[in-house]
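1. Mind looking at a prediction? Sequence and model below.
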Amino acid sequence: MIVIKGDRKPVGRPSTGITKKVSLTLLPDEWKEIEEFGQTPAAYIKHLQRETMQLKEQIEQLKQENEQLLESHKNAIEQLENNMGNLNSSDYSRNEALSRWDIELSHDDEIKGEQYSIEEIESAKKSFFNILYPKDSDNAVTATKTQYICPFTGKRFSSLNRLVAAAIPLLLRWSRSNFEHEKNRKMRATLEAEEKQKVKEKWDRIANNRSKT
């Protein structure tokens, strides 16, 4: 039997990463957190990395949702500008609109089902009167051709009562969207700050431990 000496082929599965021996110095609560995790410190670090990736994905999703919301509002405004004709004052008084507002909020099943907050209702109401009754006018101001044109959507209605009845739930939905947009913006900023701080603290400790070895 002839034996040829040379490079021996490695046996077993090939390595899938770089293995380094490190010494970790953590606070008791941090060791407890790792122990409660139920796996090795290395597995815990990988778990943190996966959590970081998930946070980034959530932040990216929030950004996309906010961009879509802003785009829909932009399109609505552009449609309004394209459809508006000459603005005319009507005989639909501010008191009539106020009375109609109260009726819609009390009897419209769609509005009652949404359970809008007081802040959302007040914001929608403010937009409603600022646009339909500009400069504190006593009568509604809308563009008219052969019908009444809604100043919020550009849609046409045969009467101002129908225009107002359609506009109120729309303004409430827009109000909620604006509040949700602001809420998502704050949530995104908080998530980003927490993520950066969490990652920085973890990797600072790992870097410090490596420098001691």
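-> Good, I have the coordinates.
2. roughly how far is the helix or strand where Asn95 lies from the heart of the chain?
-> Here Asn95 sits within helix 94-107, counting by DSSP states H and E. Centroid displacement of helix 94-107 relative to its chain, using Cα atoms, centre = their mean, to the nearest Å, is 31 Å.
3. mean confidence score for that helix?
-> For helix 94-107, mean pLDDT is 89.
4. for the following helix or strand past that helix, packing partners?
-> If you walk from helix 94-107 toward the C-terminus, the next helix or strand you reach (DSSP H and E) is helix 109-114. If you count contacts as 3 or more Cβ pairs under 8 Å, 6 or more residues apart in numbering; DSSP states H and E, helix 109-114 packs onto helix 94-107, helix 160-212. Any C-beta I mention is one placed from the backbone N, CA and C, and that applies to glycine too.
5. tell me the mean pLDDT for the next helix or strand after helix 109-114?
-> Next in sequence after helix 109-114, counting helices and strands by DSSP H and E, comes helix 118-132. Averaging pLDDT along helix 118-132 yields 90.
6. ok and helix 118-132 relative to helix 94-107, angle-wise?
-> Orientation of helix 118-132 against helix 94-107 (axes from the mean of the first three to the mean of the last three Cα atoms, to 10 degrees) gives an angle of 150 degrees.
7. still on that earlier bit, quickly, which of the helices and strands packed on helix 109-114 bottoms out on average pLDDT?
-> Across those, helix 160-212 gives the lowest mean pLDDT, at a mean of 82.
8. State whether Leu55 and Gln197 are indeed in contact, as I suppose.
-> No: if you go by Cβ atoms under 8 Å, Leu55 and Gln197 don't touch, sitting 11.7 Å apart.
9. The two: which has the busier surroundings?
-> Between Leu55 and Gln197, counting by other Cβ atoms under 10 Å, Leu55 is the more crowded of the two (17 against 10).
10. Please report how far the more buried one lies from Arg188.
-> Note on Leu55: its distance to Arg188, by Cβ to Cβ, to the nearest Å, is 10 Å.
11. Now Leu105: closest residue in space that isn't a chain neighbour?
-> Once flanking residues are discounted, Leu105 sits nearest to Ile111: 5.9 Å by Cβ to Cβ, 6 or more residues apart in numbering.
12. Could you check stretch 184-195 and say which residues are buried?
-> 184, 188, 195 (16 or more other Cβ atoms under 10 Å).
13. could you dump it to CSV, C-alpha only?
-> This file holds the C-alpha atoms of stretch 184-195, laid out as CSV (Å, rounded to 0.1, in the frame of the first residue of the first chain):
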residue,chain,number,x,y,z
ASN,A,184,-46.7,57.3,13.2
ARG,A,185,-44.1,60.1,12.8
LYS,A,186,-43.5,60.2,16.5
MET,A,187,-43.5,56.4,16.8
ARG,A,188,-41.0,56.2,14.0
ALA,A,189,-38.7,58.8,15.6
THR,A,190,-39.0,56.9,19.0
LEU,A,191,-38.2,53.6,17.4
GLU,A,192,-35.2,55.0,15.5
ALA,A,193,-33.9,56.6,18.7
GLU,A,194,-34.4,53.4,20.8
GLU,A,195,-32.9,51.2,18.1
